[in-house]
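*Asks:* predicted structure and sequence below. I'll ask about it afterward.
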2 protein chains.
Amino acid sequence: MANARSASRALSMFETFGAEGRPLLLTELAPLIDVPLSSCHGLVRTLLDRGYLYALSRRRGFYPTRKLYTLAQTIAAKDSYLQRLAPFLERLRDDSGETVIVGTLQGEAVLYLEVLEGPKTIRYSARPGDFKPLHSSAIGKALLSAGGEALWKKLAARPLSDVTVNTITDPAHLRDNLEEGARRGYFVTRGENVSDVTAIATALEVEGMTLGIAIAGPSYRMAETIEAQTGRLLQARSEIEERLG
Amino acid sequence: MANARSASRALSMFETFGAEGRPLLLTELAPLIDVPLSSCHGLVRTLLDRGYLYALSRRRGFYPTRKLYTLAQTIAAKDSYLQRLAPFLERLRDDSGETVIVGTLQGEAVLYLEVLEGPKTIRYSARPGDFKPLHSSAIGKALLSAGGEALWKKLAARPLSDVTVNTITDPAHLRDNLEEGARRGYFVTRGENVSDVTAIATALEVEGMTLGIAIAGPSYRMAETIEAQTGRLLQARSEIEERLG
DNA sequence: GAATAAGTTTCAGTATATTGAAAGATAGAC
DNA sequence: GTCTATCTTTCAATATACTGAAACTTATTC
């Protein structure tokens, strides 16, 4: 995948501004996004011309305008698909007190579509757009199980990476784990994706799209409450499938 | 300007999603952003791979994830330059009851950096990232006057476009208008940029950067209150330059 | 105020992203 | 269950965006 290069670079640029959080000179920006100076200049010029970047007074660098923000706001506000899920997810977050996540299969990974972080100070924290491995995340397991033999074969073609020390890297072991989850109706990861994090997940269909929905939190808290949390999760799934199916 | 093509296309794509507000099929998206299907495919693939787009169930198209939104939020929250201006601008908007705008010179146009829309139903409405002509907008006149002879020459090299029927298109007339504004300390447009809109603006320096700040509203309302509004505008300028200079 | 350093811009050759056309999937119709 | 229309993906030729080096600015130092 080497096409749309400058599009990818533009995203890197915005991500860099987000990470640095301050105006950047061309000569600072170029190495940060690993782009030759002259190419970076062309990219910056394009974004200036389109109103996505503004130049501070000479020699003081550039920063994104609010144009990207208002655009992203408009886009997010019109995502009717996720919007319809929102009330159910909010309730689940409030009832569980933990972070609630919606993910989908993208390529051979889970793509997080929505993350509603719980109210606690110590909580599972992630962002929409993050990718997680199929074999180590709770949603990943749920989607893997729902994805059938074809998906399993794609995944098993390569060795399973060890994300943490607890990650299941043996295919046979993972298969057992998935079958167990399928029997129970929900899937669990205990520190397999992030140390000290336990998550439970299940798959569901909304308007023909297969989603994974999860409750995730620190293992010490999840351990005590896992039965109640599982009840809430499965309850939410039923409600969503019934109302939105 | 023909470089960074795919970056520009990616922006067009996001703008199209914002305008359409619904998932789009590849075959819908490609003509909307005027890109060949195969190129559009490459672009979409890149954005999928980076987590900025998600695919609905097969054949139901794509839509941006919230990743762009959270990123833009982070970036906007860290714009310390505009952030420092915010309290002054908010006060000005509240006191004037009209839309307050901050713009800067970008190329040969005004780039809107911040727009705080007034509370009234009929109000001047615009977005950050918008470009406005130098010769017909109030901020444009303020920046044009501040920009000196060099800027004037660049502008006068081409004929002045007639944005509305009231736009001043005669350079000599415009010069008089600018001189008058420079004497008074503020610049006015009466339906020259948008019919029925009157705006007043002045230039100021904040941390070495020349900005234009404006109050804009429907002419019928601005006509009655222009003296009070001008007082507020110039007051705000003094305060900002004194505190942030 | 001259010299120096730092940042910005330009340009032609070249690597490479883009394209059109055709093959490959997939969902729904019959 | 087969067919058909529609959408998606691939691929090699080509147009073009990218690069490196050098010139040009503009701020800062001495």
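*Replies:* Here it is on my side, so go on.
*Asks:* residues contacting A:N193?
*Replies:* By Cβ atoms under 8 Å, 6 or more residues apart in numbering or on different chains, the contact set of A:N193 is A:K132, A:P133, A:S136, A:S137, A:A138, A:G140, A:V163, A:T164, A:T167, A:A199. (Glycine included, C-beta is placed from N, CA and C.)
*Asks:* of these, buried ones?
*Replies:* Among the contacts of A:N193, the ones that count as buried by 16 or more other Cβ atoms under 10 Å in any protein chain shown are A:K132, A:P133, A:S136, A:S137, A:A138, A:G140, A:V163, A:T167, A:A199.
*Asks:* give me phi/psi at the second one?
*Replies:* Torsion angles at A:P133 (phi, psi; degrees, to the nearest 10) stand at phi -70, psi 150.
*Asks:* list the contacts of it.
*Replies:* Per Cβ under 8 Å, 6+ apart, neighbours of A:P133: A:A109, A:V110, A:G140, A:S161, A:V163, A:N193.
*Asks:* would you map out the domains in chain A?
*Replies:* A:5-71, A:79-244 (automatic domain parsing).
*Asks:* now the first one: how far from the chain's centre is it?
*Replies:* Centroid separation for domain A:5-71 versus its chain: 25 Å, with Cα atoms, centre = their mean, to the nearest Å.
*Asks:* okay, now A:A172: neighbour count?
*Replies:* 8 (other Cβ atoms under 10 Å in any protein chain shown).
*Asks:* helices along chain A, start to end?
*Replies:* Secondary structure of chain A (DSSP state H): helices at A:5-20, A:26-32, A:37-49, A:67-77, A:80-96, A:138-156, A:171-184, A:219-244.
*Asks:* what packs against the fifth one?
*Replies:* To tie it back to what came earlier, the one meant is helix A:80-96. Here helix A:80-96 touches strand A:99-106, strand A:109-116, strand A:197-206, strand A:209-218, helix A:219-244, going by 3 or more Cβ pairs under 8 Å, 6 or more residues apart in numbering or on different chains; DSSP states H and E.
*Asks:* so which bits of it are buried?
*Replies:* For helix A:80-96, the neighbour count (16+ other Cβ under 10 Å) marks A:Y81, A:L82, A:L85, A:F88, A:L89, A:L92, A:R93, A:D95, A:S96 as buried.
*Asks:* turn those residues into JSON lines, columns for distance to A:R127 and pLDDT.
*Replies:* What follows is the buried residues of helix A:80-96, written out as JSON lines (distance: Cβ to Cβ, whole Å; pLDDT from 0 to 100):
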{"residue": "A:Y81", "distance to A:R127": "18", "pLDDT": "86"}
{"residue": "A:L82", "distance to A:R127": "14", "pLDDT": "90"}
{"residue": "A:L85", "distance to A:R127": "17", "pLDDT": "92"}
{"residue": "A:F88", "distance to A:R127": "20", "pLDDT": "95"}
{"residue": "A:L89", "distance to A:R127": "15", "pLDDT": "95"}
{"residue": "A:L92", "distance to A:R127": "18", "pLDDT": "96"}
{"residue": "A:R93", "distance to A:R127": "15", "pLDDT": "96"}
{"residue": "A:D95", "distance to A:R127": "23", "pLDDT": "95"}
{"residue": "A:S96", "distance to A:R127": "19", "pLDDT": "95"}
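*Asks:* what does stretch A:145-157 rub up against?
*Replies:* So stretch A:145-157 is contacted by A:105, A:108, A:134-135, A:143-144, A:171, A:175, A:178, A:181-182, A:187, A:203, A:210 (Cβ under 8 Å, 6+ apart).
*Asks:* buried subset of the residues you listed?
*Replies:* Members of these classed as buried by 16+ other Cβ under 10 Å are A:L105, A:E108, A:L134, A:H135, A:L143, A:L144, A:L178, A:G181, A:A182, A:F187, A:A203.
*Asks:* ok, so what distance separates the second one from A:L151?
*Replies:* Look at A:E108 and A:L151: by Cβ to Cβ, to the nearest Å, they are 8 Å apart.
*Asks:* same check on the first one?
*Replies:* Using Cβ to Cβ, one gets 8 Å for the distance from A:L105 to A:L151.
*Asks:* now the common contact residues for the two.
*Replies:* Between them, A:L105 and A:L151 share the contacting residues A:L134, A:L143, judged by Cβ under 8 Å, 6+ apart.
*Asks:* residue most distant from the centroid, chain A?
*Replies:* A:R58 (38.6 Å; Cα atoms, centre = their mean).
*Asks:* relative to DNA strand C, how far out is that residue?
*Replies:* Distance from A:R58 to DNA strand C, counting by Cβ to the nearest atom of the strand, to the nearest Å: 7 Å.
*Asks:* just the pLDDT for that residue.
*Replies:* pLDDT, A:R58: 72.
*Asks:* how about the residues of chain A by DNA strand C?
*Replies:* Residues of chain A found near DNA strand C (Cβ under 7 Å from any atom of the strand) are A:2-7, A:25-27, A:37-38, A:41-42, A:45, A:59, A:61.
*Asks:* picking up where we left off before, of the helices and strands packed on helix A:80-96, which is nearest B:L116?
*Replies:* B:L116 lies closest to strand A:109-116 among the helices and strands packed on helix A:80-96, at 29.6 Å (Cβ to Cβ).
*Asks:* mind showing which ranges of chain A have poor pLDDT?
*Replies:* A:1-2, A:245 (pLDDT under 70).
*Asks:* contact residues of it facing DNA strand D?
*Replies:* By Cβ under 7 Å from any atom of the strand, the part of chain A that sits against DNA strand D consists of A:R5, A:S6, A:R9, A:V35, A:P36, A:L37, A:S38, A:S39, A:G42, A:L43, A:R58, A:R59.
*Asks:* most neighbours, which of these?
*Replies:* A:L43 (27 neighbours).
*Asks:* what's near enough to touch that one?
*Replies:* By Cβ under 8 Å, 6+ apart, the neighbours of A:L43 are A:S6, A:R9, A:A10, A:M13, A:V35, B:N3, B:A4, B:A7.
*Asks:* out of those, which one sits closest to B:I75?
*Replies:* Nearest to B:I75 among the contacts of A:L43 is A:M13, at 10.5 Å by Cβ to Cβ.
*Asks:* quick check, A:L174 in contact with A:L160.
*Replies:* Yes: using Cβ atoms under 8 Å, A:L174 is in contact with A:L160, at 6.8 Å.
*Asks:* okay, and the common contacts of the two?
*Replies:* A:H135, A:I168.
*Asks:* if we can go back for a sec, quick check, nearest of the buried residues of helix A:80-96 to DNA strand C?
*Replies:* DNA strand C has its nearest neighbour among the buried residues of helix A:80-96 in A:Y81, at 16.3 Å by Cβ to the nearest atom of the strand.
*Asks:* quick one, what contacts the closest one?
*Replies:* So A:Y81 contacts A:V206, A:E207, A:M209, B:P23, B:L56, B:Y63 (Cβ under 8 Å, 6+ apart).
*Asks:* just the buried ones out of the residues you listed, please.
*Replies:* The neighbour count (16+ other Cβ under 10 Å) marks A:V206, A:M209, B:P23, B:L56, B:Y63 as buried among these.
*Asks:* chain neighbours aside, what residue packs nearest to the second one?
*Replies:* On the basis of Cβ to Cβ, 6 or more residues apart in numbering or on different chains, the spatially nearest residue to A:M209 that is not a chain neighbour turns out to be B:S57, at 3.9 Å.
*Asks:* try the third one
*Replies:* With Cβ to Cβ, 6+ apart as the criterion, B:P23 has its nearest non-adjacent residue at 3.7 Å, and that residue is B:G61.
*Asks:* in chain A, which residue sits closest to DNA strand D?
*Replies:* Closest point on chain A to DNA strand D, by Cβ to the nearest atom of the strand, is A:S39, at 2.2 Å.
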